[in-house]
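K.L.:
Provided below for reference: sequence and predicted model.
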Amino acid sequence: MKRNILVTGGAGFIGSHVVRRLVNAYPDYLVVNLDKLTYAGNLANLKEVENRPNYRFVKGDICDRELLRDLFARHAIDGVIHLAAESHVDRSIHDPLTFARTNVMGTLALLEAAHEAWNGAWEGKRFHHVSTDEVYGALGFDGTLFTERTRYDPHSPYSASKASSDHFVRAFHDTYGLPTVVTNCSNNYGPYQFPEKLIPLFINNIRHGRPLPVYGKGENVRDWLYVEDHARALDLVFHEGHTGETYNIGGFNEWRNIDLIRVLVRTVDRLLGREEGASDGLITYVTDRAGHDLRYAIDSRKLKDELGWEPSLQFEEGIEKTVKWYLENQAWMDEITSGDYESYYERMYANR
């Protein structure tokens with residue numbers, strides 16, 4: 001079956017993995033990648049597929065309603081995988097309006113474009129909205145997990161904007177019948193992640209002997225998911241998920257931040273030929289950020305029971321692959337960290 005799929009944010013971390021997977025796995029599909037190429041978007045992530053006949057790149061903003069109408073009409077789009085979003089909590093604290101514009105109004109513009117283009121002819125159509133576990137708020141240390149029925153309780157401007165976008169997607173399904181699915185994922189890690197995120201940031205800092213800034217005491221817990229496992233889950237839900245449903249995607253892989261950082265230190269040191277733990281002294285505790293949720297943990301049993309998905313990698317194996325990729329792709333990292341990102345973090349940590 002030939003399909004014409006619009007992927008938003010396809011030059012970003014998760015999006016580029018999804019685009020590469022679709023282009024390679026479905027040669028009869030046309031994959032249209034719409035990306036604004038903000039600081040976190042990088043076409044170098046897509047060199048593998050940039051010349052494939054079933055791939056198109058369009059630079060543009062998901063808030064541009066005329067552009068969206070044109071894309072749906074010109075490419076006869078019948079499927080959307082919506083990943084474009086502002087996603088960094090620290091940035092959302094300093095600039096919440098940008099997060100509201102992109103994550104809320106951009107999602108609404110995309111929903112309206114799909115609704116208008118498909119106009120009730122829902123057969124064979126799908127709008128897949130990719131969201132986060134942060135919309136659920138925080139968990140304690142009692143072993144409970146976020147399920148698809150967990151009440152929304154966002155605590156940061158980022159998570160509030162994603163919660164709002166989730167609600168709009170479900171409202172378009174309930175009100176108009178738009179064929180939607182929503183997925184909420186845990187923290188991703190792996191190749192091509194922009195180095196404002198913990199794992200690539202710390203790999204790079206260990207490599208260069210720079211401080212490793214840890215919020216609070218490092219006791220916050222996150223559930224980590226290898227990005228290629230996430231892309232595989234998104235592929236599966238897009239094709240086989242039940243319309244109107246939500247699926248949580250997690251790694252069943254909880255780590256305290258400080259324990260994760262120590263694993264990173266040992267792994268990077270070893271792969272660089274240093275004594276394991278030689279870089280422990282780089283760990284620096286800084287003032288905790290506002291609204292910092294204590295623990296996230298995803299229950300993915302619905303996805304496993306209904307569609308047969310489960311993570312393929314143990315965390316230690318995934319971390320080994322991830323660290324090796326960043327160390328073997330230092331030119332990619334050096335190019336990424338040469339501009340806006342470094343000045344942003346210099347300002348953020350200057351007085352801590």
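P.N.:
Done, it's in. Not measured: the values here are computed from a predicted model. Residues are numbered from 1 along each chain as shown.
K.L.:
C-alpha from now on. contacts and neighbour counts both.
P.N.:
OK.
K.L.:
Enumerate every residue touching Asp153.
P.N.:
For Asp153, the contacting residues are 135-138, taking Cα atoms under 8 Å, 6 or more residues apart in numbering as the criterion.
K.L.:
Angles on the backbone of it, please.
P.N.:
The phi/psi pair for Asp153 (degrees, to the nearest 10) reads phi -160, psi 60.
K.L.:
and the gap between it and Met333?
P.N.:
When Cα to Cα, to the nearest Å is applied, the distance between Asp153 and Met333 equals 35 Å.
K.L.:
cool, Ala171 as well?
P.N.:
With the distance defined as Cα to Cα, Ala171 ends up 40 Å from Met333.
K.L.:
and what of Glu116?
P.N.:
From Glu116 over to Met333 the distance is 41 Å, taken as Cα to Cα.
K.L.:
For the stretch 251-352 of the chain, give me the ranges with low pLDDT.
P.N.:
For the stretch 251-352 of the chain, applying pLDDT under 70 flags the ranges 339-352.
K.L.:
those strands in it, which residues are they?
P.N.:
Using DSSP state E, counting those that start in this stretch, the strands of the stretch 251-352 of the chain run over 254-256, 283-286.
K.L.:
Partner strands of the last one and their direction?
P.N.:
Strand 283-286 has its sheet partners listed here by DSSP bridges as strand 212-215 (parallel).
K.L.:
if we can go back for a sec, with neighbour numbers in mind, choose between Ala171 and Met333.
P.N.:
Neighbour comparison, Ala171 and Met333: the larger count goes to Met333, with 19 against 14 (by other Cα atoms under 10 Å).
K.L.:
any idea how far that one is from Glu48?
P.N.:
Applying Cα to Cα, one obtains 17 Å for the distance of Met333 from Glu48.
K.L.:
tell me which residues of the longest helix seen in the chain are tucked away?
P.N.:
For the chain, the helix with the greatest residue count under DSSP state H is helix 157-176. Buried residues in helix 157-176, counted by 16 or more other Cα atoms under 10 Å: 157-166, 168-170, 172-173.
K.L.:
before we move on, what about stretch 137-155?
P.N.:
Buried residues in stretch 137-155, counting neighbours by 16+ other Cα under 10 Å, are found at 137-139, 145-148, 152, 154-155.
K.L.:
just how off-centre is it within its chain?
P.N.:
Going by Cα atoms, centre = their mean, to the nearest Å, the spacing between the C-alpha centre of stretch 137-155 and its chain's C-alpha centre is 19 Å.
K.L.:
for the record, mean pLDDT for it?
P.N.:
Averaged across stretch 137-155, the pLDDT comes to 94.
K.L.:
Val286 contacts Val214, correct?
P.N.:
Yes - in this structure Val286 lies within contact range of Val214 using Cα atoms under 8 Å: 5.8 Å.
K.L.:
in what helix or strand does Tyr247 lie?
P.N.:
Mapping Tyr247 onto the secondary structure by DSSP states H and E places it in strand 246-249.
K.L.:
and Asn33, which of the three is it?
P.N.:
For Asn33, the reduced secondary structure class is strand; criterion used: DSSP: H, G, I helix; E, B strand; the rest coil.
K.L.:
show me what contacts it?
P.N.:
Taking Cα under 8 Å, 6+ apart as the criterion, Asn33 is in contact with 6-11, 19, 55-58.
K.L.:
for His208, same thing?
P.N.:
Residues in contact with His208 (Cα under 8 Å, 6+ apart): none are found.
K.L.:
Tell me the spacing between it and Ala278.
P.N.:
His208 sits 13 Å away from Ala278, going by Cα to Cα.
K.L.:
can you pull out the helices in the stretch 251-352 of the chain?
P.N.:
In chain order, the stretch 251-352 of the chain shows helices spanning 257-271, 301-307, 315-328, 330-336, 340-349, with DSSP state H, counting those that start in this stretch as the criterion.
K.L.:
And for the closest residue to Cys63 other than its chain neighbours, the neighbour number?
P.N.:
Counting by Cα to Cα, 6 or more residues apart in numbering, Gly106 is the residue found nearest to Cys63 once chain neighbours are left out, at 4.4 Å. Other residues within reach of Gly106 by the criterion other Cα under 10 Å amount to 21.
K.L.:
Residues in contact with the helix or strand hosting Gly106: which ones?
P.N.:
In this assignment (DSSP H and E), Gly106 forms part of helix 106-118. Contacts with helix 106-118, where a contact means Cα under 8 Å, 6+ apart, come from 61-65, 68-69, 72-73, 78, 125, 127, 165, 168-169, 172, 176, 178.
K.L.:
Kindly supply the ChimeraX command isolating those of the residues you listed that are buried.
P.N.:
Buried residues among the contacts of helix 106-118 (16+ other Cα under 10 Å), as a ChimeraX selection:
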select :61,62,63,65,68,69,72,78,125,127,165,168,169,172,178
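K.L.:
Surely Val58 is in a strand?
P.N.:
Yes - if the criterion is three-state DSSP, then Val58 is within a strand.
K.L.:
Okay then, goodbye and thanks.
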